[in-house]
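J.: Sequence and predicted structure, then a few things I'm wondering about:
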Amino acid sequence: MVENAVRMVCGKCRSEQVTRDAWAEWNPAGQQWVLGAVFDYAYCHRCQGPAPVATVPVELPAAP
Ligand SMILES: [Zn+2]
């Protein structure tokens, strides 16, 4: 796992079902849409409305 990995969660309900407004740009060479820019607006699909995004550390897997 990436060191200091984080999860992006809804600041209201802590769900991971948060998405951000973004632009996808067509890449003719790769023949696919690629992420161009990410904007501040976030939407929680659980709260079904705008939501602040909170950053929380990813829990490490439990030791065996
Ligand atoms: Zn939420």
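T.: Done, it's in. Computed from a predicted model, the values in this text were never measured in an experiment. Residues are numbered from 1 along each chain as shown.
J.: What residues are bridge-paired with the closest residue to residue 16 other than its chain neighbours?
T.: Closest residue to residue 16 apart from its sequence neighbours, by Cβ to Cβ, 6 or more residues apart in numbering: residue 9 at 5.5 Å. Using the backbone N, CA and C atoms, a C-beta is placed for each residue, glycine as well. Per DSSP bridges, the residues bridged to residue 9 are residue 54.
J.: For residue 9, give its distance to the ion.
T.: Using Cβ to the ion, to the nearest Å, we find residue 9 at a distance of 8 Å from the ion.
J.: what sits against that residue?
T.: The contact partners of residue 9, taken as Cβ atoms under 8 Å, 6 or more residues apart in numbering, are 15-16, 18, 53-56.
J.: List just the nearest of these to the ion.
T.: Distance ranking of the contacts of residue 9 against the ion, using Cβ to the ion, places residue 15 first at 4.8 Å.
J.: does the ion sit close to the lengthiest strand in the chain?
T.: Looking across the chain with DSSP state E, the single longest strand is strand 32-44. Yes: Strand 32-44 lies within reach of the ion by Cβ under 5 Å from the ion, at residue 44.
J.: packing partners for whichever helix or strand comes after that strand?
T.: Next helix or strand after strand 32-44 toward the C-terminus (DSSP states H and E): strand 49-50. With contacts defined as 3 or more Cβ pairs under 8 Å, 6 or more residues apart in numbering; DSSP states H and E, strand 49-50 has these neighbours: strand 32-44.
J.: Strand partners (parallel or antiparallel) of the strand it packs on?
T.: strand 18-27 (antiparallel), strand 49-50 (antiparallel).
J.: quick one, which of those is nearest to the ion?
T.: Of all the strands paired with strand 32-44, strand 18-27 sits nearest to the ion, with 6.8 Å by Cβ to the ion.
J.: what distance separates the closest one from the centre of its chain?
T.: Centroid separation for strand 18-27 versus its chain: 11 Å, with Cα atoms, centre = their mean, to the nearest Å.
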